[in-house]
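1. sequence and predicted structure below; questions after.
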Amino acid sequence: MATLIDGKRLAQLENDKTARRVAALRASGITPGLAVILVGDDPASQVYVRSKQRKARELGIYSVQTTLPATAQQAEVAAVIDAYNHDERIHAILVQSPLPAHLDEQALVAMIDPAKDVDGFHPLNVGKLYNHLPGHYPVACTPRGIITMLDTLNFEYAGARAVIVGRSILVGRPLQALLVNRNATVTMIGRRTKAAAALMKTADLLVVAAGQPQLVTAAMVKPGAVVIDVGINRLADGHLVGDVDFAAVEPLAQAITPVPGGVGPMTIASLMTQTVDLAEWSQTDA
């Protein structure tokens, strides 16, 4: 039977450490500040933003939100970003995705001060990650949370074969860089990848972020693999499931994340941790 990677428990441990760091910063006269920009009324985005704001306040982080209508234009969103870029109380800026289709999300992300890019999506920070540069810079929060989970397993990255299903800038691409930087051999699978199931079967570490419910079956998993399921999908009957058929795969795996309660809590915990990182770095890197 696989080890269950309990994201809720690990997130609580991470949040406890973050709260202690926040308290130490506040005692020195610095309160970490997080600004969230929400455009439109997407229900899922509203839920995510509320959970982020609630957790930030629980941990003692100064948290503010600007909500704009779905009709907001590029210049309006850019003006909010610029204001937060120049606000000394704010150390971390997040533009909640997805944005309305008429907005250029990449251009808006590029307007965020790289030193306040809490999501780790700014081209400068992505470039530093891919070039494995030394120094302080943020990385995407979901991949960061996944690495934290793997570290608790004492996962041996060097020489491991990792397969990532999904090539998004949110998960797949930055996770690829993080794993390569740890000397893993990484294969990425997209919609047009040939013999995808056979490639998955080779993985010592299989990370699935495809957005397709129960896509990965037992026949696609190498016995003894570590399986990280990033997907969260709501079925017609209301149940939440991942991109992995958990019941079928769990008996084969060495370790596996549940859905819900796996990667999701670690993403928010990593966001909080990185907010505090940015606040600390604003003092040490100034």
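-> Structure received.

2. pull the CA atoms of stretch 16-28 into PDB?
-> Extracted in PDB, the C-alpha atoms of stretch 16-28 (Å, rounded to 0.1, in the frame of the first residue of the first chain):
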ATOM      1  CA  ASP A  16       3.300  27.100  11.300                       C
ATOM      2  CA  LYS A  17       6.800  27.900  10.100                       C
ATOM      3  CA  THR A  18       5.500  30.800   8.100                       C
ATOM      4  CA  ALA A  19       3.600  32.200  11.100                       C
ATOM      5  CA  ARG A  20       6.800  32.200  13.200                       C
ATOM      6  CA  ARG A  21       8.700  34.000  10.500                       C
ATOM      7  CA  VAL A  22       6.000  36.600  10.200                       C
ATOM      8  CA  ALA A  23       6.000  37.200  13.900                       C
ATOM      9  CA  ALA A  24       9.800  37.700  13.800                       C
ATOM     10  CA  LEU A  25       9.500  40.100  10.900                       C
ATOM     11  CA  ARG A  26       6.700  42.100  12.600                       C
ATOM     12  CA  ALA A  27       8.800  42.300  15.800                       C
ATOM     13  CA  SER A  28      11.500  43.900  13.700                       C
END
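
3. and that stretch, how far out from the chain middle?
-> 22 Å (CA atoms, centre = their mean, to the nearest Å).

4. list the buried residues of that stretch.
-> 18-19, 21-22, 25 (16 or more other CB atoms under 10 Å). Placement of C-beta: from N, CA and C, glycine included.

5. ok, so of those, who is nearest Ile169?
-> Distance to Ile169, by CB to CB, is smallest for Thr18 among the buried residues of stretch 16-28, at 24.7 Å.

6. heading C-terminal from the helix or strand where that closest one lies, find the next helix or strand.
-> Per DSSP states H and E: Thr18 is located in helix 7-27. Per DSSP H and E, the first helix or strand lying C-terminal to helix 7-27 is strand 33-39.

7. only C-alpha atoms, please: export that next one in CSV.
-> Extracted in CSV, the C-alpha atoms of strand 33-39 (Å, rounded to 0.1, in the frame of the first residue of the first chain):
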residue,chain,number,x,y,z
GLY,A,33,2.3,42.5,2.5
LEU,A,34,0.3,40.6,-0.2
ALA,A,35,-1.8,42.3,-2.8
VAL,A,36,-4.3,40.3,-4.9
ILE,A,37,-5.9,41.6,-8.1
LEU,A,38,-9.1,39.9,-9.2
VAL,A,39,-10.7,40.8,-12.5
